[in-house]
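Chemist: what shape does this take:
(one chain, ligands or ions: 2)
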Amino acid sequence: MGLDRFFSQIAGWLDQYAILPVLYHFGWMRWEELSFDWALVCVYGMFAVILTYAVCWPLEAWRPVEHWPDKKAVAVDVFYTIVSRVGVIPIVSFLLFYQVQTEFTGALVYVSFIRPTLETLIPGLFGHPFVTFWVYALILDFADYWRHRFSHIFRAWYALHALHHAQRQMSFWSDDRNHFFDDCISFLWFFVIGVAIGIPPLQFPLLILLLRFIESLSHANIRLNFGPLEWFLVSPRFHRLHHALRAAGRNSCNYAGVFSLWDVIFRTADFSPVYLPTGDARAPEALATGGYVQQQICGAKMFIKTLFGVKKKAAF
Ligand SMILES: [Zn+2]
Ligand SMILES: [Zn+2]
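Modeler: Ligands and ions are numbered 1, 2, ... in the order given. So this is what the prediction gives:
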């Protein structure tokens, strides 16, 4: 309760001094009602980054897989994380999701259709919001498994996803290292699933943040596996195999973001007890060590070239 009040206070402050003045300035008063919730999601995002740092940094310091004399390549990943968790996630996943969800439900009411919720489909869930929350998480992660797997199958899509794989200094900051177009596809993907299964608007960004917290941990530069639990939950070692130099590209393994059971079910799991170097040998250097803008431009060029270029000339 105390923590809730603390978050609300910071959100109130952020709303009053940062968001409302902007809304008034541009005449966007119709968003006024939502601005506090938006601020709250922003605060949750900041808290998620702090929590991720507090948990993962000591772990990386304790048992690192690799030692890097120069951590310049990690700095750009920190930027990706802040933009994605504190900026883009609240704006896109809350405002837009809220709007689409409300209008979709309104349209269904208009045609006198009462949409089944997860609780009406599985009556046992009724009155158990905690369990329902985890069922939502499982469904979203299942969808994410297939999104990720497709991004390795389709050449043009992998041209975008290569940015995520190009990092040779993989750390807990690397989870959000994605091309902007790739992020747009992911959000759209989650949106459709989220609206289709009727996730309540405020739960949606929370779910995303929770899943992303586990995904951050799985990118950490740490010697850690979860033993038998690894058959269910993705560990740093499990996801590292997905990022291994030898696996980068179309025939990878371990595509799951949070629940490794999808890899077990669809026969793409690799539980080898090794910690391999990461990166994508075929990715241009700019994608691995360039700045944010350089990486985005390089990724966009590769995407366009692969989409419209002659297949055998394409880099991926
Ligand atoms: Zn991948
Ligand atoms: Zn990854």
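Chemist: just give the closest residue to the spatially most central residue of the chain, not the sequence neighbours.
Modeler: By C-alpha atoms, centre = their mean, the chain has its centre lying nearest to residue 212, at 5.0 Å. Setting aside the residues directly before and after it, residue 212 is nearest to residue 175 in space (C-beta to C-beta, 6 or more residues apart in numbering), at 6.3 Å. (Each C-beta comes from the backbone N, C-alpha and C, glycine too.)
Chemist: ok, the one you found to residue 198 distance?
Modeler: According to C-beta to C-beta, to the nearest Å, residue 175 and residue 198 sit 27 Å apart.
Chemist: could you check how far the residue nearest to the centre of the chain is from residue 6?
Modeler: Here the criterion is C-beta to C-beta. By it, residue 212 lies 22 Å from residue 6.
Chemist: try residue 108
Modeler: In this structure, residue 108 and residue 6 are separated by 38 Å, where distance is defined by C-beta to C-beta.
Chemist: over to residue 266?
Modeler: Where residue 6 is concerned, residue 266 sits at a distance of 42 Å (C-beta to C-beta).
Chemist: swap in residue 42?
Modeler: Relative to residue 6, residue 42 is positioned 14 Å away (criterion: C-beta to C-beta).
Chemist: one more: residue 118?
Modeler: Summarising the geometry, the distance separating residue 118 from residue 6, computed by C-beta to C-beta, is 31 Å.
Chemist: looking at those two, which is more packed in?
Modeler: Shown here are residue 118 and residue 6; by other C-beta atoms under 10 Å, residue 118 has more neighbours (15 against 12).
Chemist: do you know how far that one is from residue 210?
Modeler: Following C-beta to C-beta, the distance that separates residue 118 from residue 210 is 17 Å.
Chemist: just residue 174 next, same as before
Modeler: Residue 174 sits at a distance of 18 Å from residue 210 (criterion: C-beta to C-beta).
Chemist: try residue 183
Modeler: Taking C-beta to C-beta as the criterion, residue 183 is separated from residue 210 by 18 Å.
Chemist: now the helices for this protein?
Modeler: Taking DSSP state H as the test, the helices found in the chain are 2-14, 20-26, 32-62, 72-82, 97-110, 118-121, 129-153, 155-165, 180-196, 203-219, 236-243, 261-265, 285-289, 292-308.
Chemist: which positions in the last one come out as buried?
Modeler: So that's helix 292-308. 295-296, 298-300, 302-303, 305-306 (16 or more other C-beta atoms under 10 Å).
Chemist: give the rounded mean pLDDT of that helix.
Modeler: Averaged over helix 292-308, pLDDT sits at 94.
Chemist: next one: the fourth one
Modeler: Confidence for helix 72-82, expressed as mean pLDDT, is 90.
Chemist: what's next to it, contact-wise?
Modeler: Contacts to helix 72-82, defined as C-beta atoms under 8 Å, 6 or more residues apart in numbering, come from residues 49, 52, 68, 167-169, 171, 173-178, 216, 288-292, 295.
Chemist: kindly report the same for the last one.
Modeler: Taking contacts as C-beta under 8 Å, 6+ apart, the residues outside helix 292-308 that touch it are 76, 79-80, 155-156, 158-160, 162-163, 166, 179-182, 284, 286-287, 290, 314-316.
Chemist: can I get it in PDB, CA atoms only?
Modeler: C-alpha atoms of helix 292-308 as PDB (Å, rounded to 0.1, in the frame of the first residue of the first chain):
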ATOM      1  CA  TYR A 292      21.500   4.800 -32.000                       C
ATOM      2  CA  VAL A 293      20.800   6.800 -35.200                       C
ATOM      3  CA  GLN A 294      23.500   4.900 -37.100                       C
ATOM      4  CA  GLN A 295      22.000   1.500 -36.100                       C
ATOM      5  CA  GLN A 296      18.500   2.600 -37.000                       C
ATOM      6  CA  ILE A 297      19.500   3.900 -40.500                       C
ATOM      7  CA  CYS A 298      21.600   0.800 -41.200                       C
ATOM      8  CA  GLY A 299      18.700  -1.500 -40.100                       C
ATOM      9  CA  ALA A 300      16.300   0.400 -42.300                       C
ATOM     10  CA  LYS A 301      18.600   0.200 -45.300                       C
ATOM     11  CA  MET A 302      19.100  -3.600 -44.800                       C
ATOM     12  CA  PHE A 303      15.300  -4.000 -44.500                       C
ATOM     13  CA  ILE A 304      14.600  -2.100 -47.700                       C
ATOM     14  CA  LYS A 305      17.400  -3.900 -49.600                       C
ATOM     15  CA  THR A 306      16.200  -7.300 -48.500                       C
ATOM     16  CA  LEU A 307      12.600  -6.500 -49.200                       C
ATOM     17  CA  PHE A 308      13.100  -5.200 -52.700                       C
END
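Chemist: relative to helix 180-196, how tilted is that helix?
Modeler: Between helix 292-308 and helix 180-196, the angle formed by their directions is 80 degrees, by axes from the mean of the first three to the mean of the last three C-alpha atoms, to 10 degrees.
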